[in-house]
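1. generate a structure from the sequence data that follows.
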Amino acid sequence: MANIKQDFELNKVRNIGIIAHIDAGKTTVTERVLYYTGMVHKIGETHEGSATTDYMEQERERGITITSAAVTASWNGHQVNIIDTPGHVDFTAEVQRSLRVLDGGITVFDSVAGVEPQSETVWRQASEYNVPRMCFVNKMDRVGADFERCVDMMVDRLDANPVVIQVPYGSGESFEGIIDLLNMELITYGNDEGTDIRYFPIPESHREMAETCRADMIEKIAETDEYLTMKFLEEEFIRDDEILAALRAGTISGELHPVMCGAALKNKGVQALLNMVVALLPSPLDIPPVRGEHPKDGSELLRPADDNAPLSALVFKIVSDQYGRLAFTRVYSGVLKAGSQAINTHNGKRERIGRIVRMFADRREDVSEVRAGDIAAVIGMKETFTGDTLSDPNNPILLENISFPDPVVEVAIEPNTKADQDRMGIGLRKLAEEDPTFQIEVDDQLGQTKIKGMGELHLEVLVDRLMREYGVEARVGRPRVAYRETITRTVEIDTTFKRQTGGAGQYARVTMRFEPIPEEEKGDAVGELLFVDAIRGGAVPKEFIPAVRKGVTQAMQGGVLAGYPVVNIKATLIDGAYHEVDSSEIAFTIAGSMCLKEGVHKGAPVILEPSMRVEVVVPDAYTGAVVGDISARRGVIQGMEPHSEGISVIQAQVPLGEMFGYANDLRNNTQGRGNFSMEFDAYTVAPESIAEAVKAGSR
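-> Below you'll find the predicted structure:
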């Protein structure tokens with residue numbers, strides 16, 4: 001493994017992520033980047049289970065990325081910190097937390113499939129975090145590759161502003177190289193390893209097309225720069241350095257998305273991509289200072305990317321392995337030094353910074369410090385978790401946490417022996433520390449442990465890890481859907497809790513109005529509850545109001561109709577009564593809980609089920625069978641469009657509960673030629689028959 005110098009200037013650091021739909025070629029691109037930057041001396045392949053960043057046994061067996069892996073490389077005097085992220089919807093949290101700490105991204109697209117459902121999801125996540133990104137249209141060597149269609153889909157599906165800076169020279173089996181529109185030259189490769197790069201003038205057969213594409217490129221870039229707009233309108237000559245500077249500014253601002261092309265598996269186009277990463281994507285100095293707040297008074301604080309500023313860092317990932325507990329950390333300002341102390345602003349606890357390591361997938365290299373703008377992993381912190389802020393004890397700051405979606409699938413898991421139960425407890429706790437979308441729930445009434453995740457594959461991988469890494473033997477139930485409960489009409493409930501126990505009794509009365517959260521107020525809700533204190537005249541003393549809220553929250557979590565969490569409720573405390581002696585926090589907590597349960601029963605309650613956005617790619621001969629099968633699963637067909645010659649794409653919304661085992665059924669219905677992808681879309685009201693079955697516990 002090559003050593004990475006620690007003395008890169010900050011303007012020569014790039015923190016980038018590689019994001020895309022599953023099987024678009026993210027890991028293959030990452031592997032080539034490592035090879036051409038000298039970090040590995042042999043190219044590993046995903047399909048052979050030898051890719052550097054897919055180092056987990058589960059990843060190598062399945063040929064997919066499950067956990068985001070961080071690697072550091074250098075290119076043209078720049079340090080490039082790369083995070084290779086998963087593409088499967090079940091592991092979307094890995095993408096979410098990676099994008100939170102990255103300065104730029106490379107979105108990889110399959111030139112045949114174009115923009116796929118998970119491409120849309122990761123693009124939307126990147127937009128939420130204002131991550132500048134460039135596009136790499138991969139697999140140009142595949143039969144059916146269509147560069148122009150892929151670019152058009154970026155506009156239609158992603159609402160992107162693609163600016164094409166490279167076009168392919170041939171496609172499919174005749175793909176030979178790349179026409180660079182910035183330098184107006186043809187790039188070809190003299191060997192299979194992609195190391196013999198050759199530059200030629202653009203052939204006459206492609207000259208006119210290239211000049212037209214370059215004119216379009218310049219016009220798009222000029223639109224984002226006032227000075228260049230004037231030069232363009234007055235038909236003045238625009239220099240190459242002016243084009244590049246405006247393109248970089250447009251990329252960093254998010255106005256432009258440069259589009260490149262290649263075939264990573266055939267080792268074509270990756271060096272040119274790296275050149276554009278250092279030329280166009282931002283350094284930590286190019287992004288605005290990170291915003292946070294003072295942990296005590298909530299006032300806004302800014303931290304610039306400066307070694308001399310007070311320390312501020314965000315922990316975005318926890319990994320436990322045989323060497324200890326690793327906390328992946330992005331330093332935004334100041335310097336994080338091994339052996340120093342920092343405060344975890346989230347919980348107020350001091351942490352000693354033990355060893356600091358620079359990660360190379362599953363290998364590591366000790367460093368003495370991490371400077372502003374850099375990413376590394378800290379060993380030894382015990383009280384710090386995903387989303388926590390580390391800061392200077394004398395200048396604390398609380399950075400914005402990372403939000404994760406709620407799990408939608410659950411299974412029951414039961415250890416075989418008492419020893420397995422002990423190991424399972426330890427293993428589940430460590431896995432939950434690593435993965436914020438993995439939740440554990442112990443049902444005391446049934447004496448059963450339930451684990452919840454983002455999908456069948458997510459839970460399958462976690463159970464596999466539990467058995468292999470922690471030696472647990474256990475029985476696992478069938479996957480169950482994580483339903484939700486809510487109300488559909490407004491009700492007012494007056495509840496009194498009264499108990500006499502010989503001495504001082506318990507007394508609390510609360511009157512509450514429960515209503516579905518109005519759309520315009522959803523942003524004010526904390527979790528799934530919007531609690532409003534409308535008490536006047538001290539009918540309920542202020543010290544008891546948090547107890548009422550606690551009771552409502554606890555009852556919501558436990559469920560009312562079928563034991564599933566209650567969501568999207570606005571609870572307004574409008575009246576109540578107390579007793580000078582008998583009232584207590586416990587009494588008002590119980591009264592709040594009772595009030596919520598009665599409110600749900602009287603508020604025209606419904607069961608909500610998670611619906612998935614499903615996209616099926618299928619030969620035309622089988623579309624009838626596939627559409628019929630989707631309809632039989634209570635799916636709603638939302639569209640159908642041609643994909644390529646003889647192949648169509650079917651888009652549908654289907655309840656998650658009907659999608660278990662769909663992969664096998666699709667294989668049978670299409671003789672193995674169809675494939676599908678799905679992602680969570682929304683919670684929708686379940687039909688009465690399904691709701692009754694859920695309440696009866698039969699689903």
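
2. for the stretch 101-250 of the chain, what spans make up the helices?
-> Ranges of helices in the stretch 101-250 of the chain, per DSSP state H, counting those that start in this stretch, are 117-128, 147-158, 204-222, 226-233, 240-253.

3. please identify the buried residues of the fourth one?
-> Going by neighbour count (16 or more other C-beta atoms under 10 Å), the buried part of helix 226-233 is 228, 231-232. C-beta: built from backbone N, CA, C; applies to glycine.

4. output stretch 20-35 as PDB, nothing but the C-alphas.
-> C-alpha atoms of stretch 20-35 as PDB (Å, rounded to 0.1, in the frame of the first residue of the first chain):
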ATOM      1  CA  ALA A  20     -25.400   5.600  -8.300                       C
ATOM      2  CA  HIS A  21     -28.000   2.900  -8.800                       C
ATOM      3  CA  ILE A  22     -27.000  -0.700  -8.100                       C
ATOM      4  CA  ASP A  23     -24.800  -2.200 -10.800                       C
ATOM      5  CA  ALA A  24     -24.000   1.000 -12.600                       C
ATOM      6  CA  GLY A  25     -20.300   0.400 -11.900                       C
ATOM      7  CA  LYS A  26     -19.400   2.600  -8.800                       C
ATOM      8  CA  THR A  27     -17.100   0.000  -7.300                       C
ATOM      9  CA  THR A  28     -15.500  -0.700 -10.700                       C
ATOM     10  CA  VAL A  29     -14.800   3.000 -11.200                       C
ATOM     11  CA  THR A  30     -13.300   3.200  -7.600                       C
ATOM     12  CA  GLU A  31     -11.100   0.200  -8.300                       C
ATOM     13  CA  ARG A  32      -9.700   1.900 -11.400                       C
ATOM     14  CA  VAL A  33      -9.100   5.100  -9.600                       C
ATOM     15  CA  LEU A  34      -7.100   3.200  -7.000                       C
ATOM     16  CA  TYR A  35      -5.100   1.400  -9.700                       C
END
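
5. I'd like the average pLDDT over that stretch.
-> For stretch 20-35, the mean pLDDT works out to 82.

6. got any ranges where the stretch 401-550 of the chain has weak pLDDT?
-> 443-447, 501-504, 519, 522-527 (pLDDT under 70).

7. and the most centrally placed residue in the chain, how far is that from Ala432?
-> Nearest residue to the geometric centre of the chain (C-alpha atoms, centre = their mean): Gln96, 2.4 Å. As defined by C-beta to C-beta, to the nearest Å, Gln96 lies at a distance of 17 Å from Ala432.

8. for the protein, which strand is longest?
-> For the chain, the longest strand by residue count, based on DSSP state E, is strand 606-619.

9. for that strand, which helices and strands make contact with it?
-> strand 484-486, helix 623-632, strand 647-655, strand 675-685, helix 688-696 (3 or more C-beta pairs under 8 Å, 6 or more residues apart in numbering; DSSP states H and E).

10. most tightly surrounded among these?
-> Stretch with highest mean neighbour count among those: strand 484-486 (a mean of 23; mean count of other C-beta atoms under 10 Å).

11. in the sheet, which strands lie alongside the next helix or strand after that strand, parallel or antiparallel?
-> Next helix or strand after strand 484-486 toward the C-terminus (DSSP states H and E): strand 491-499. Its sheet considered, strand 491-499 pairs with strand 506-516 (antiparallel) by DSSP bridges.

12. and the partner strand, how far from the chain's centre?
-> Mean C-alpha position of strand 506-516 versus that of the full chain (C-alpha atoms, centre = their mean, to the nearest Å) differs by 38 Å.

13. give me the angle between the next helix or strand after it and strand 506-516.
-> Toward the C-terminal end, the helix or strand that comes next after strand 506-516 (DSSP H and E) is strand 529-533. Per axes from the mean of the first three to the mean of the last three C-alpha atoms, to 10 degrees, the angle that strand 529-533 makes with strand 506-516 is 120 degrees.

14. what residues sit buried inside strand 529-533?
-> 529-531.

15. can you put those residues in JSON lines and add distance to Lys498?
-> Shown next, in JSON lines, are these (distance: C-beta to C-beta, whole Å):
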{"residue": "Leu529", "distance to Lys498": "26"}
{"residue": "Leu530", "distance to Lys498": "29"}
{"residue": "Phe531", "distance to Lys498": "24"}
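
16. and the helices and strands packed on strand 606-619, which one's lowest on average pLDDT?
-> Across those, strand 675-685 has the smallest mean pLDDT, namely a mean of 84.

17. angle of that one against helix 688-696?
-> Going by the same axes, to 10 degrees, strand 675-685 makes 80 degrees with helix 688-696.

18. what does the host helix or strand of Ala279 rub up against?
-> Ala279 belongs to helix 270-280 when assigned by DSSP H and E. Contact with helix 270-280 is made by 12, 14, 16, 29, 32-33, 36-37, 75-76, 78, 80, 104, 106, 134, 136, 165-166, 178, 180, 187, 194, 197, 244, 247-248, 251-252, 258, 260, 262, 264, as judged by C-beta atoms under 8 Å, 6 or more residues apart in numbering.

19. which of those residues count as buried?
-> Listed as buried from those are 12, 14, 16, 29, 32-33, 36-37, 75, 78, 80, 104, 106, 134, 136, 165-166, 178, 180, 187, 194, 244, 247-248, 251-252, 258, 260, 262, 264; burial here means 16+ other C-beta under 10 Å.

20. hang on, the earlier thing: Phe147 is nearest to which of the helices and strands packed on strand 606-619?
-> strand 647-655 (17.8 Å; C-beta to C-beta).

21. that closest one pairs with which strands, and in what direction?
-> Strand 647-655 is paired, per DSSP bridges, with strand 606-619 (antiparallel), strand 636-644 (antiparallel).

22. specify the angle between the first one and helix 623-632 in degrees.
-> Think strand 606-619. Using the same axes, to 10 degrees: strand 606-619 against helix 623-632 is 170 degrees.
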